[in-house]
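Chemist: Got a sequence here, can you model it:
(2 chains)
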Amino acid sequence: MTQVKTRFAPSPTGRMHVGNLRTALYAYLIAKHENGTFMLRIEDTDQERFVPGAVDIIYRTLEKTGLKHDEGPDKDGGVGPYVQSERQASGIYLKYAKELIEKGEAYYCFCTKERLESLRTTTGGKEIVVYDKHCLHLSKEEIQANLDAGIPYVIRQNVPNEGTTKFVDEIYGEIEVPNAELDDMILIKSDGFPTYNFANVVDDHTMGITHVVRGNEYLSSAPKYNRLYEAFGWEVPVYIHCPLITDEHHAKLSKRSGHSSFEDLLDQGFLTEAIVNYVALLGWCPTDNREIFSLEELVKEFDYHHMSKSPAVFDIQKLRWMNGEYIKAMDFDTFFEEAEPWIRRAVSKDLDLKKIAAMVKTRIEIFPDIPEMIDFFEEVPEYDIAIYRNKKSKSTEETSLKVLQDMLPVLEKQDLFTSEALFEQIRLYCEANGLKNGFVIWPLRIAVSGKAVTPAGATEIMEVIGKEETLIRIRKGIEKLS
RNA sequence: GGCUCCUUGGUCAAGUGGUUAAGACACCGCCCUUUCACGGCGGUAACAUGGGUUCAAAUCCCGUAGGAGUCACCA
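Modeler: As a prediction, this is how the structure comes out:
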């Protein structure tokens, strides 16, 4: 059995789309699961769309996510170059295209943009262009004359109008398409560069790719590829088309969703490991239904035969949950290092940030959740006294006022401001007055935080802000309630 | 519009002829006698539809509907 070799072949056009990232991940996992080779190839045949710096994004993303390639522009594996513009410079694509012309599987086309434009029709609200094979019928002499005259040309694939072409995909099975549906796609553009479709076939073959892993959006063009492989007499690789990733409206995930790229997600505060983990589960599921996986564990468990066919909605809510799981699993020091700048955004006072960090660690899903959750440590926000009312502890504005008035002198006398000591004082007060803890603690917590929801209990908050500030806040609470 | 693919709860999904149709997120409830949260326990909720085949169908076949993808000198 030959060794598995997969590739990730992105175009340097900007941010890393999550669909792309998942394709890269699956390609990596399929190779590594079999101890195979994972290759990186840069597809920069579109000079217009090329974005400077985008190649760096690709390297950085692979590095950050741990999808280390064994071969690529920076790691020669003997089948380079690994950048298509460099391969194009070597003349490889033109050479193979001419071979196809010899075999009658391709032909020169000199049609102008205007003529092509005239072929454009609108159907079902969509504009489509179906080439009419106009140039297929040019004579040898006409072609030569055009070439000699320097008329710009493209090279097109020649697909017959009759019959069908079939191919086999590992996930979707056998798919058969009528040839009449297959357009005579352009192989070589007028600028001499190959199109994606053609470069892919030539490169995947010459670079020894055994398993072609790509997005479902290429499913319908796969038959054209097969014709090319067959025309060349090359062995067809194993096709693995990944199901589409969609937004909540079930349409292809686009920039409009706000989280269509890996960088978007990082910007929003998601952890790399969580993103990789989540994305792995979009279209694949292990037999035991486990959900939390490190990359190494994924390599071990991933079996592409368990991939699903149907498109998957990218659920940011579930990603948030998963991110929270990763945060909870972090060791405290690492967590604190990450969390401190976020805490600092809300708290400038000299408080025990580690205590605040500990409160927040199990309660956030992403780091940017922090500031809003702890802003009251800095300053009590304006609040409606209605929040003193609580059905369960039977608190009202009136009972709360009474509790605060009673507790104020107790706290004024209290010097040891630890959560335990404070709780003990409260307990004694409750005991003496026959009250439930919650009845007393509820108003204290509100007075001291100004919030109905806090990441910690009243006494913990008091410990952090200290005696002086606690008393100020309680007096202010009494004032508000009076 | 042609072609292709897809269709299990709101979402991710297990399931490959016989199951009380798993699990997770979200939602809801209860408990944790310090709220919310965390944690624990529990609950609501699904095989798009119509025909077959079969003793038996979410699973196989055909049709219908719905959704998506694609139809560039973009990848």
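Chemist: residue of the stretch 301-450 of chain A with the smallest distance to RNA strand B?
Modeler: Closest approach between the stretch 301-450 of chain A and RNA strand B, counting by CB to the nearest atom of the strand: A:Asn437, at 2.5 Å. Where you see a C-beta, it was placed from the backbone N, CA and C, and this is true even at glycine.
Chemist: pLDDT score assigned to that residue?
Modeler: A:Asn437 is assigned a pLDDT of 85 by the prediction.
Chemist: How much space separates it from A:His134?
Modeler: 87 Å (CB to CB, to the nearest Å).
Chemist: where exactly do the strands run in the stretch 1-150 of chain A?
Modeler: Taking DSSP state E, counting those that start in this stretch as the criterion, the stretch 1-150 of chain A contains strands spanning A:5-8, A:37-40, A:106-109, A:120-123, A:126-129.
Chemist: List the contacts of the second one.
Modeler: Spelled out, that is strand A:37-40. With contacts defined as CB atoms under 8 Å, 6 or more residues apart in numbering, strand A:37-40 is touched by A:3-9, A:27-28, A:31-32, A:58, A:62, A:67-73, A:77, A:82, A:207, A:209.
Chemist: got it, and the last one?
Modeler: Residues from elsewhere that reach strand A:126-129 (CB under 8 Å, 6+ apart): A:116, A:119-122.
Chemist: same check, this time on the fourth one
Modeler: Among residues not part of strand A:120-123, those counted as contacts by CB under 8 Å, 6+ apart are A:127-130.
Chemist: Could you measure from the residue in chain A positioned nearest to RNA strand B over to A:Pro223?
Modeler: Closest contact between chain A and RNA strand B, by CB to the nearest atom of the strand, is at A:Gly124 (1.8 Å). A:Gly124 is 22 Å from A:Pro223, where distance means CB to CB.
Chemist: Need the winner for burial among the strands of the stretch 1-150 of chain A.
Modeler: Highest mean neighbour count among those (mean count of other CB atoms under 10 Å): strand A:5-8, with a mean of 26.
Chemist: could you say what helices and strands that one packs with?
Modeler: helix A:18-33, strand A:37-40, strand A:211-215 (3 or more CB pairs under 8 Å, 6 or more residues apart in numbering; DSSP states H and E).
Chemist: quick one: it to chain centroid distance?
Modeler: In terms of CA atoms, centre = their mean, to the nearest Å, the centre of strand A:5-8 is set 20 Å apart from its chain centre.
Chemist: Partner strands of it and their direction?
Modeler: strand A:37-40 (parallel) (DSSP bridges).
Chemist: near RNA strand B at all, the strand it pairs with?
Modeler: No: against RNA strand B, strand A:37-40 shows no contacts by CB under 7 Å from any atom of the strand, the least distance being 13.0 Å.
Chemist: How far does that strand sit from its chain's centre?
Modeler: In terms of CA atoms, centre = their mean, the centre of strand A:37-40 is set 20 Å apart from its chain centre.
Chemist: got it, and stretch A:442-454?
Modeler: On CA atoms, centre = their mean, the centre of stretch A:442-454 falls 38 Å from that of its chain.
Chemist: swap in stretch A:159-167?
Modeler: Centroid separation between stretch A:159-167 and its chain, computed with CA atoms, centre = their mean, is 37 Å.
Chemist: Below-threshold pLDDT in chain A: ranges please.
Modeler: A:1 (pLDDT under 70).
Chemist: please redo it, this time with the cut-off set to 80
Modeler: Applying pLDDT under 80 to chain A flags the ranges A:1-2, A:124, A:391-393.
Chemist: for it, what's the longest helix?
Modeler: helix A:458-481 (DSSP state H).
Chemist: how about that one: buried residues?
Modeler: Within helix A:458-481, the residues scored as buried using 16 or more other CB atoms under 10 Å are A:458-465, A:467, A:469-471, A:473-474, A:477-478, A:480-481.
Chemist: can you pull out the helices in the stretch 201-350 of chain A?
Modeler: Taking DSSP state H, counting those that start in this stretch as the criterion, the stretch 201-350 of chain A contains helices spanning A:222-232, A:262-267, A:272-280, A:295-301, A:316-329, A:332-346.
Chemist: quick revisit: which residues touch the residue of the stretch 301-450 of chain A closest to RNA strand B?
Modeler: A:Asn437 neighbours (CB under 8 Å, 6+ apart): A:426-427, A:430.
Chemist: Of those residues, select the buried ones using a ChimeraX command.
Modeler: Isolation of the buried members of the contacts of A:Asn437 (16+ other CB under 10 Å) is achieved in ChimeraX through the command below:
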select /A:426,430
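Chemist: Need the contacts of A:Asn437 in a markdown table (columns: secondary structure and distance to A:Arg344).
Modeler: Below are the contacts of A:Asn437 laid out as a markdown table (DSSP: H, G, I helix; E, B strand; the rest coil; distance: CB to CB, whole Å):
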| residue | secondary structure | distance to A:Arg344 |
| --- | --- | --- |
| A:Ile426 | helix | 31 |
| A:Arg427 | helix | 35 |
| A:Cys430 | helix | 37 |
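Chemist: how about the contacts of A:Asn437 in CSV, adding distance to RNA strand B?
Modeler: Formatted as CSV, those follow (distance: CB to the nearest atom of the strand, whole Å):
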residue, distance to RNA strand B
A:Ile426, 8
A:Arg427, 8
A:Cys430, 8
